[in-house]
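# Based on what follows, work out the 3D shape:
(2 chains)
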Amino acid sequence: AQRVTQPEKLLSVFKGAPVELKCNYSYSGSPELFWYVQYSRQRLQLLLRHISRESIKGFTADLNKGETSFHLKKPFAQEEDSAMYYCALRASNFGNEKLTFGTGTRLTIIP
Amino acid sequence: KAGVTQTPRYLIKTRGQQVTLSCSPISGHRSVSWYQQTPGQGLQFLFEYFSETQRNKGNFPGRFSGRQFSNSRSEMNVSTLELGDSALYLCASSVTSGGTNEQYFGPGTRLTVT
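Next comes the predicted model:
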């Protein structure tokens, strides 16, 4: 069974401070991990995925298989980062598009 | 490219009725997935269709069903509606590229059951 845990429902950070959104997963196979973001009154959209190892909008996330974690980080928070963030897992077998989501973290950046 | 579209955007139904929701994927995308989003349970996977066939299914009762047409458009049906079916229903389309997928979500259909 697949499970994604985001321990923080709410997170408030001052503008310019570092941000870390936690995500832990449980899966016996080799997973693909994603971060999705939902800004106010917008649709859910992909922020980044571990396979591409890229930085989007200053955010990075590293898959740590030993700790089964995929934490999202940004060194300096900006007000436009305020949004709902979801960590998601996909089993990496061909033909499986199912995403298992965490419950989400609402990030608020304090000006 | 136009994004994923869902119709209707809002729906109010009475307990016991049935409802059909529609999803038009991004052109060229052959996979369509459906998710239910509620404050209590978060985002939960309902099912996924690929080339008119259900390829994956979540843990929902048989009252929830779907189908996909030859143009990849998909419909989701919920019969005998219950109050607990009130939720935002999201559709996502995807295409696999380079061994991984990227799912694009629609704006959702907000279903209220009274």
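# ok, so what distance separates the nearest residue to A:Tyr39 once chain neighbours are set aside from A:Arg41?
Counting by CB to CB, 6 or more residues apart in numbering or on different chains, A:Tyr39 lies nearest to A:Ala83, which is 4.6 Å off, once chain neighbours are set aside. Backbone N, C-alpha and C define where each C-beta goes, glycine included. A:Ala83 is 11 Å from A:Arg41, where distance means CB to CB, to the nearest Å.
# Now do the contacts for residue 6.
You didn't say which chain, so I picked chain A. The contact partners of A:Gln6, by CB atoms under 8 Å, 6 or more residues apart in numbering or on different chains, come to A:21-23, A:85-87, A:102-105.
# ah, I was thinking of chain B
Counting by CB under 8 Å, 6+ apart, B:Gln6 touches B:21-24, B:89-91, B:106-109.
# Might you specify the subset of those residues located within strands?
In strands, judged by DSSP state E, the following of the contacts of B:Gln6 are found: B:21-24, B:89-91, B:109.
# any weak-confidence spans in chain A?
A:92-95 (pLDDT under 70).
# try 80
Counting by pLDDT under 80, the low-confidence segments of chain A come to A:51-53, A:92-97.
# B:Ser70 - nearest residue in space that isn't next to it in sequence?
B:Glu52 (6.4 Å).
# count of residues packed around residue 38?
Went with chain A since none was named. A:Gln38 has 18 neighbouring residues, counting by other CB atoms under 10 Å in any protein chain shown.
# I was thinking of chain B, sorry if that wasn't clear
For B:Thr38, the number of neighbouring residues by other CB under 10 Å comes to 13.
# Cheers, nothing more for now.
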